[in-house]
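Okay, predicted coordinates and the sequence, questions at the end:
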Amino acid sequence: MRYSSKDTNIIDCGTKIKQAHGFYKGRELIIKDSMSFLAGGLSALPKMFKEASGDISLEKECFPHNLINESNFQSLWPIDYLNSYKDKETLIANATKIGAIRDNKFDCKMYATHYCNRDVDVLRSCFEAFRNLVFNEFNLDVYRFLSISSLSLAFQHNEGCFDDCFEMNSVLLGFLREGTVGGRVMTRDNQKHHIKHKIADFDAVSLYPSAMSELQGYVKGKAKLFKESIPSDADYYVARVRFNSISINRHFPLLSFYQNGSRNFTNDIAKRTMIVGKQALEDIERFQGAKYTIIEGIYWNEGFNNQITKTIRKMFNARLQYKAEGNPLQNVLKLMMNSSYGKLLMKPIVKKKVFVSGGQKKIDEYTRKNIHRMISRTPISDKIALFEEHKSLTQHFSPIHLGIQILDSSKHIMNRVMCLAEDINADIWYQDTDSMHIDYDAVPRLANAYRDAYNKELIGKQMGQFHVDFDLKGSEGNIYAKESIFLGKKSYLDVLACDGNDVEGLHIRMKGIPSKLLEEDAYNKYLKLFNGQSMSFDLTELCSININSKSQSVSKRSSFKRNVSF
């Protein structure tokens, strides 16, 4: 950015830069975040795009970040200098392959340069393959978009999914945003659990595409206001409701509110006022016996555009066909289907960032002209400054009510299965949006009850169905968790086994803590946390590099600890 001949505009999301736009020697440069299109690590791309990556393979990521510093990164290191590095043997093996070990010394710069170049080659070839697949199938150029969500939204537009549907902004948009609730993530009764019998990971098949396929369509027309009662001709509505009581307490309650910075799903909703969509209100009445009073809301009564149901089924069926053929386009379709709803719910962009280069005189001039919208000015060097500015909210429009339709439909799919499971005493211990940990032996009983209740098959690989989805390398037969420790949201351990051989393994997850820091003696770590102990993890053990998103400076951390307790 220091070489840009004009101002550089930045589009970011939290600490991640989505796009940087500037000029170098009169040429326009646009830098995009490839992970916004292809989620997951670089190591997954060669498998996803086999033909494009050819015989390139990515070895285990291995670089001694903790040992490198400003004075030694260009020098040759004695091999003994690597003794304190955990993956010394892997590092030496990788370095030997490329000739970065000479005279019993390690050439750090050569090693880093080789693997940076190799990573860029893999990313370029795989991303170009991705671009060509999208263009040939959908006649869309990924370079015109910021993310897979915006690409998928454009495809839906071209299919006519949004014909006669309207966007909104200002007060209406703010009202609807309060009714936007993502997937439920919680342990049973919001408590810790240590389970010592067989558990199944029961996953919904393509939950959000399934939610779209079950809609009558996207609601058409402009929103209209109502007070005190829902109009009889309303096709869809979002209402402000005061809940008077509920008659059925659930282990996994249907409604939630924010508490201490996180969303809390609770049975304690009596006397609370919430903004809920049509499907969510019908579910809380049906599955928890809620009594409520309507205060106000907005509704639509001009019917539905059902093109989305046709489009999403077409994409789902095409993906099944491509997957059977081994065509990498199946990965593209999967990404597009799973992300297509996200853009409908996009929050307004309230800030923008601009790099201004050209010296102090130009920086001061830009400051004077834009002082009325400036939030901060951060010096990067004597010639560059980063400006953060307010952006007008009146420019933000969103069809957020269509996103609420999808979110509520997805939760309805989960509610009808999970509430039925509770009704027949099939114990569920944990839910994360589209999956649940349920007693293994209860699954057939739940499938039978579901068939009787809804005249549908629960287990299968079609939209709206569920399947057991544990993964254990080297296993044969059915996979299950023979023991599980559930600590809290996105924090649990499964001891996996199978009924076809003696292979066992661990499935571990802890929000905010990389799995590599948990792998050593993982079971005992989770057991200690379950028993109330606090633990500290130093994230610099994996990578000490720190990128300051405000100043765009790169530094090295000596310590970055996270304390965890439940």
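Received, thanks. Residues are numbered from 1 along each chain as shown.

ok, now how distant is Gly303 from Ser398?
21 Å (C-beta to C-beta, to the nearest Å). (C-beta placed from N, C-alpha, C; glycine too.)

between those two, which one's more packed in?
Ranked by neighbour count (other C-beta atoms under 10 Å), Gly303 and Ser398 place Ser398 first, with 19 against 14.

what residues does stretch 218-228 touch?
161-162, 164-166, 168, 172, 231, 234-237, 239, 294-305, 307-308, 399, 401-402, 405 (C-beta atoms under 8 Å, 6 or more residues apart in numbering).

now swap in stretch 289-299 and tell me
Applying C-beta under 8 Å, 6+ apart, the set of residues contacting stretch 289-299 is 172, 175-176, 223-231, 234-248, 269, 273, 275, 281, 284-285.

Now with 7 Å, please.
Outside of stretch 289-299, the residues within contact range by C-beta atoms under 7 Å, 6 or more residues apart in numbering are 172, 223-231, 234, 236-248, 284.

From these, keep the buried residues only.
Neighbour-count burial (16 or more other C-beta atoms under 10 Å) is assigned, among the contacts of stretch 289-299, to 172, 223, 234, 236-241, 243, 246, 248, 284.

Poorly predicted segments of the chain, please.
Within the chain, the ranges that satisfy pLDDT under 70 run 1-7, 14-15, 52-61, 393-394, 549-552.

mind giving me the domain split of it?
Domain assignment for the chain, taken from automatic domain parsing, gives 8-36+351-390, 42-139.

Tabulate those (CSV), appending mean neighbour count and distance to Leu320.
Shown next, in CSV, are those (neighbours: other C-beta atoms under 10 Å; distance: least, C-beta to C-beta, whole Å):
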stretch, mean neighbour count, distance to Leu320
domain 8-36+351-390, 15, 26
domain 42-139, 15, 15
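
Compile these into CSV and extend it with columns for distance to Asp469.
Below are the domains of the chain laid out as CSV (distance: least, C-beta to C-beta, whole Å):
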stretch, distance to Asp469
domain 8-36+351-390, 24
domain 42-139, 18
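
Let me know which of these is the nearest to Ser484.
Closest to Ser484 of the domains of the chain is domain 42-139 (C-beta to C-beta; 26.7 Å).

What is the end-to-end distance of that closest one?
26 Å (C-alpha to C-alpha, to the nearest Å).

This structure: helices as residue ranges?
Applying DSSP state H to the chain gives helices spanning 45-48, 50-53, 88-97, 108-138, 148-159, 170-177, 207-214, 278-288, 307-325, 329-339, 360-370, 400-423, 443-454, 522-530.

Nearest approach to Met463 belongs to which of those helices?
Met463 lies closest to helix 207-214 among these, at 4.1 Å (C-beta to C-beta).

Which residues does the closest one contact?
Applying C-beta under 7 Å, 6+ apart, the external contacts of helix 207-214 come out as 204, 308-309, 312-313, 316, 337-338, 341, 406, 409-410, 413, 434, 463-464.

and these, which are buried?
So, by 16+ other C-beta under 10 Å, the buried ones in those are 204, 308-309, 312, 316, 337-338, 341, 406, 409-410, 413, 434, 463-464.

Minimum distance to Ala449: which of the domains of the chain has it?
Closest among these, once you apply C-beta to C-beta, is domain 42-139, at 38.1 Å.

where's Glu389 relative to Ser376, distance?
With the distance defined as C-beta to C-beta, Glu389 ends up 9 Å from Ser376.

Please apply the same query to Val134.
Counting by C-beta to C-beta, the gap from Val134 to Ser376 is 38 Å.

wouldn't Ala449 be in contact with Ile424 here?
Yes - here Ala449 reaches Ile424: they are 5.1 Å apart, a contact under C-beta atoms under 7 Å.

The two: which is more packed in?
The residue with more neighbours, out of Ala449 and Ile424, is Ala449; 18 against 13, by other C-beta under 10 Å.

what sits against the more buried one?
The contact partners of Ala449, by C-beta under 7 Å, 6+ apart, come to 420, 424.

make it 8 Å
By C-beta under 8 Å, 6+ apart, the residues touching Ala449 are 420, 423-424.

Could you export the residues you listed as a markdown table, including distance to Lys383?
As requested, the contacts of Ala449 are arranged in a markdown table below (distance: C-beta to C-beta, whole Å):
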| residue | distance to Lys383 |
| --- | --- |
| Leu420 | 65 |
| Asp423 | 68 |
| Ile424 | 70 |
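
Out of those, flag the one nearest to Asn548.
Relative to Asn548, the closest of the contacts of Ala449 is Leu420; by C-beta to C-beta it sits at 50.0 Å.

What separation is there between the closest one and Ile246?
Leu420 is 18 Å from Ile246, by C-beta to C-beta.

for the buried ones among the contacts of helix 207-214, which one is nearest Gly500?
Ranked by distance to Gly500 (C-beta to C-beta), the buried ones among the contacts of helix 207-214 are led by Ala204 at 25.4 Å.

quick one: that closest one from Lys198, how far?
Applying C-beta to C-beta, the value for Ala204 to Lys198 is 21 Å.

And for Lys278?
Distance from Lys278 to Lys198, by C-beta to C-beta: 38 Å.

How about Gln156?
41 Å.

so Ser245 sits right up against Asp268, yeah?
No - applying C-beta atoms under 8 Å, one finds Ser245 not in contact with Asp268, separated by 11.2 Å.

shared neighbours, the two?
Common neighbours of Ser245 and Asp268, counting by C-beta under 8 Å, 6+ apart, are absent.

still on that earlier bit, closest to Ile547 out of the helices of the chain?
Proximity to Ile547, assessed across these by C-beta to C-beta, is greatest for helix 108-138 (15.9 Å).
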